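Novice: What follows is a protein structure lacking sequence information:
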């Protein structure tokens, strides 16, 4: 049995970009209560925003009648955010990071969310859940 | 809830757009409209003042990517100014200073147009 002290918090939101602000506030508040440095909190919050934007846009195609879950797990060593949706599957392992000089030269728009998540967090994992759910796990070491 | 607003000012030929609040996938459209509006009026010299912008995600960065070419092919530009360090860090992380001129103050950005 895992004896590490762990706090779990959960939020369920409608799949709409208008909820991004509330999602950021939720994650920021939990991180603040954990005593994490402000610059690390900023990174976690942006990574979660990017992940949720991808769910709203790609998994659910802006269908605001759908919902997804944001679950925060805090242990002494890690701040983890699990994002669970039942939309279109998306495996980040199949997506390579863009070459930024080429990206900028070609004036491309979009497709930077996952790239940012990988830079801002220590680990980005993806699982397909039973019942066709998608689970993205963003992990930041805090000790 | 996250708030975002823009203000437009003119300084000679240069158009200043002031950003205020949180620029994300929800509010990016607001900024798109503000910049499209300038293009409709054949105004291509733009300075974006970031002083009051607290937050930006990649959706916000995408707005600048979408319009930079239009401005430059019409003898204009989008110059960026007065970013808070937390906002600048995101631009820097993605290598955006390679493509955009970023100035510590609005005045320096405006003066660059007038050189």
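Specialist: The structure has been received and is ready for your questions. These numbers come from a predicted model, not from an experiment.

Novice: Is stretch B:55-70 positioned near chain A?
Specialist: Yes - Stretch B:55-70 lies within reach of chain A by Cβ under 8 Å from any Cβ of the partner chain, at B:55, B:57, B:58, B:59, B:61, B:62, B:65, B:66, B:68, B:69. For glycine as for every other residue, the C-beta is placed from the backbone atoms N, C-alpha and C.

Novice: Could you list the residues in contact with that stretch?
Specialist: For stretch B:55-70, the external contacting residues (Cβ atoms under 8 Å, 6 or more residues apart in numbering or on different chains) are A:20, A:24, A:46, A:49-50, A:53, A:107-110, A:112-113, A:116, B:2, B:21-25, B:27-28, B:31-32, B:35-36, B:39, B:44, B:48, B:77-78, B:80, B:86-87, B:90-91, B:94, B:96, B:99-100.

Novice: Which residues of chain A lie near chain B?
Specialist: Proximity of chain A to chain B, by Cβ under 8 Å from any Cβ, involves residues A:17-18, A:20-22, A:24, A:39, A:42, A:46, A:49-50, A:53, A:56-57, A:100-101, A:104, A:107-110, A:112-113, A:115-116, A:119.

Novice: From those, list the buried ones, please.
Specialist: A:17-18, A:20-21, A:24, A:42, A:46, A:49-50, A:53, A:56-57, A:100, A:104, A:109, A:112-113, A:115-116, A:119 (16 or more other Cβ atoms under 10 Å in any protein chain shown).

Novice: Which of the residues you listed fall in strands?
Specialist: With strands taken from DSSP state E, there is no overlap with those.

Novice: Spatially nearest residue to residue 23 (excluding sequence neighbours)?
Specialist: Because you didn't say which chain, this covers chain A. Nearest non-adjacent residue to residue A:23, counting by Cβ to Cβ, 6 or more residues apart in numbering or on different chains: residue A:52, 5.4 Å away.

Novice: nope, chain B please
Specialist: Once flanking residues are discounted, residue B:23 sits nearest to residue B:60: 3.6 Å by Cβ to Cβ, 6+ apart.
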